[in-house]
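Peer 1: I would like to see how this sequence folds:
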Amino acid sequence: MAAVSLTFQAQLVYAARNDLVRPELREVQRVYARPTNLAVCAVFLVSIPVALISPLAATLMWPFVLFAAGRKIGDRIVSLRR
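Peer 2: Below is the predicted model of the structure:
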């Protein structure tokens, strides 16, 4: 899962650098897609060793971190609309 998230991030970076993304979507991609991909990758990599100690704690990490990341991303998108 981490490799897939990082590969998708590499695709987004490549597309942005080579002007393959519509201008009106560049900022949304930067604000939304990048943090989401990196959050998924980070949570996955951190949850593996945590799961060895406590499977429940590893399971609970996902909704907590994704909620926190989603909240931050949502705030950024709202600021873009202003």
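
Peer 1: before we move on, which element is the residue nearest the centre of the chain in?
Peer 2: Nearest to the geometric centre of the chain sits Thr36, at 1.4 Å (C-alpha atoms, centre = their mean). Thr36 is part of helix 34-53 when elements are defined by DSSP states H and E.

Peer 1: hey, C-alpha coordinates of that helix in CSV?
Peer 2: These are the backbone C-alpha positions of helix 34-53, laid out as CSV (Å, rounded to 0.1, in the frame of the first residue of the first chain):
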residue,chain,number,x,y,z
ARG,A,34,-0.3,15.3,-1.9
PRO,A,35,-1.2,15.3,1.8
THR,A,36,-3.7,12.5,1.4
ASN,A,37,-1.2,10.2,-0.4
LEU,A,38,1.6,10.9,2.1
ALA,A,39,-0.8,10.4,5.0
VAL,A,40,-1.9,7.0,3.8
CYS,A,41,1.7,6.0,3.2
ALA,A,42,2.8,7.2,6.6
VAL,A,43,0.0,5.6,8.5
PHE,A,44,0.5,2.3,6.8
LEU,A,45,4.2,2.3,7.5
VAL,A,46,3.7,3.3,11.2
SER,A,47,0.8,0.9,11.7
ILE,A,48,2.8,-2.2,10.9
PRO,A,49,5.2,-2.1,13.9
VAL,A,50,2.3,-0.8,16.1
ALA,A,51,0.2,-3.8,15.1
LEU,A,52,2.9,-6.2,16.4
ILE,A,53,2.5,-4.6,19.8
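
Peer 1: For that helix, buried residues please.
Peer 2: The neighbour-count check on helix 34-53 (16 or more other C-beta atoms under 10 Å) flags 36-37, 39-41, 43-44, 47, 50 as buried. To be clear about C-beta, it is placed using only N, CA and C from the backbone, and glycine gets the same treatment.

Peer 1: Likewise for stretch 22-31?
Peer 2: Across stretch 22-31, burial judged by 16+ other C-beta under 10 Å covers 30-31.

Peer 1: so how far is that stretch off the chain centroid?
Peer 2: Stretch 22-31 sits 15 Å away from the centroid of its parent chain (C-alpha atoms, centre = their mean, to the nearest Å).
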